[in-house]
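A.B. asks: need the 3D shape of this:
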Amino acid sequence: MESSLDSKLVLGSDGSYSLYNDEYKQSYHAKSLGAFTETMSKHVLPALEFVKNEGLKEVKILDICFGLGFNAFLSMMYFQKVLIYSPEKSSLKDIYNFPYPKDLDSLKPNIALKKLSLESTFRYKDNVLHFYEGDAINYIQSFEDGFFDIIYQDAFSKEHNAELWSKEYFSLLFAKTKPRCLVTTYAKAREVIQNVESAGFKAKKYELGSLFYK
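C.D. replies: Residues are numbered from 1 along each chain as shown. This next block holds a predicted model:
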C-alpha cells in the first residue's frame, strides 16, 4: 500500500528524491537537477569556496529553512567545523522515512531527524545542527547582530512565501550577518534582487541562482 510520503516523492535527474509540498504547491527541489545536485551546486559548493577564501576555521550557517534537511546534512558532511541553525514550521515526523541518497549513509539522516525532533540538536563529527520548529523570522530575531557567516536562503518562492523575500526580511539578514558574509540562493527575480540591494547587500547573479554579500 502506497504511503502518503510515497505519493509525494519527486525523482530528480540525478537519481535523488525530493518531495512535493502540498501547502506551498511546490517541490523542495528542481526535478531537472535533483535534490543532491541542487543542494551542492547552489548552496554547499559556493559556501565551501567562501570559507576557503576567507580562511574560516569555524562557520556559522543559517539554513532557511530545514525542509528535507539536504542543506544542513550535506554541509555537515563537507565542512570541517560548522554550526548550523535551521528553523522549520512543520514537524519532522512526516519525513522520518524519507529515502535519502546513499551519499548521506554515514550521517544516518533518518535517525538524525528523530534526534532533532526529540532534542533539537544533532552532532556529526565536529559539526552541530540546531533545529527549531516554529516561525523563521522570530527565530532569526533571537540572534545577536553579526552572528552568521553564511545564510542558505532556500525558502519556497516569493509567490508562496512572500514574508521570507521582503525588503524587511533581507534587512534582518543584513543585521544578523558578519561584515564578511555570503548568502546563497536559487532566486534571480528582479524584485528579489531589488529587495536585497535595498537592504544593503550586493547581488551577483549566475546560471543557477544568486549570491549576496556586503
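A.B. asks: buried set for stretch 200-213?
C.D. replies: Buried residues in stretch 200-213, defined by neighbour count with 16 or more other CB atoms under 10 Å: 201, 203, 208, 209, 210, 211, 212. C-betas here are computed from N, CA, C, even on glycine.
A.B. asks: what about it, how long is it end to end?
C.D. replies: With CA to CA, to the nearest Å applied, stretch 200-213 spans 9 Å between its terminal residues.
A.B. asks: got it, and stretch 93-107?
C.D. replies: 18 Å.
A.B. asks: in strands only, show me the buried residues of stretch 200-213.
C.D. replies: 203, 209, 210, 211, 212 (DSSP state E).
A.B. asks: first to last residue in stretch 25-32, what's the distance?
C.D. replies: Termini of stretch 25-32 sit 17 Å apart (CA to CA).
A.B. asks: what residues are up against residue 25?
C.D. replies: residue 160 (CB atoms under 8 Å, 6 or more residues apart in numbering).
A.B. asks: next one: the one 5 residues further on
C.D. replies: When contacts are counted by CB under 8 Å, 6+ apart, residue 30 touches 12, 38, 186.
A.B. asks: now for the lowest-mean-pLDDT helix or strand in the chain, which elements pack on it?
C.D. replies: Here the helix or strand of the chain ranked lowest by mean pLDDT, DSSP states H and E is strand 26-27, holding a mean of 90. Where contact means 3 or more CB pairs under 8 Å, 6 or more residues apart in numbering; DSSP states H and E, strand 26-27 is packed against strand 17-21.
A.B. asks: chain center to the strand it packs on, what's the gap?
C.D. replies: 15 Å (CA atoms, centre = their mean, to the nearest Å).
A.B. asks: repeat for stretch 158-170
C.D. replies: Taking mean C-alpha positions (CA atoms, centre = their mean), stretch 158-170 and its chain are 15 Å apart.
A.B. asks: quick one: mean pLDDT for that stretch?
C.D. replies: Stretch 158-170 shows a mean pLDDT of 93.
A.B. asks: and the helices in this protein?
C.D. replies: Taking DSSP state H as the test, the helices found in the chain are 35-39, 45-54, 70-78, 109-119, 136-141, 167-176, 190-198.
A.B. asks: ok, and what's touching the shortest one?
C.D. replies: Same thing as helix 35-39. Contacts of helix 35-39 (CB under 8 Å, 6+ apart): 12-14, 16-18, 28-30, 68, 70-71, 74, 101, 103, 186.
A.B. asks: over to the last one?
C.D. replies: For helix 190-198, the surrounding residues in contact (CB under 8 Å, 6+ apart) are 158, 165, 166, 167, 169, 170, 183, 203, 205, 210, 212.
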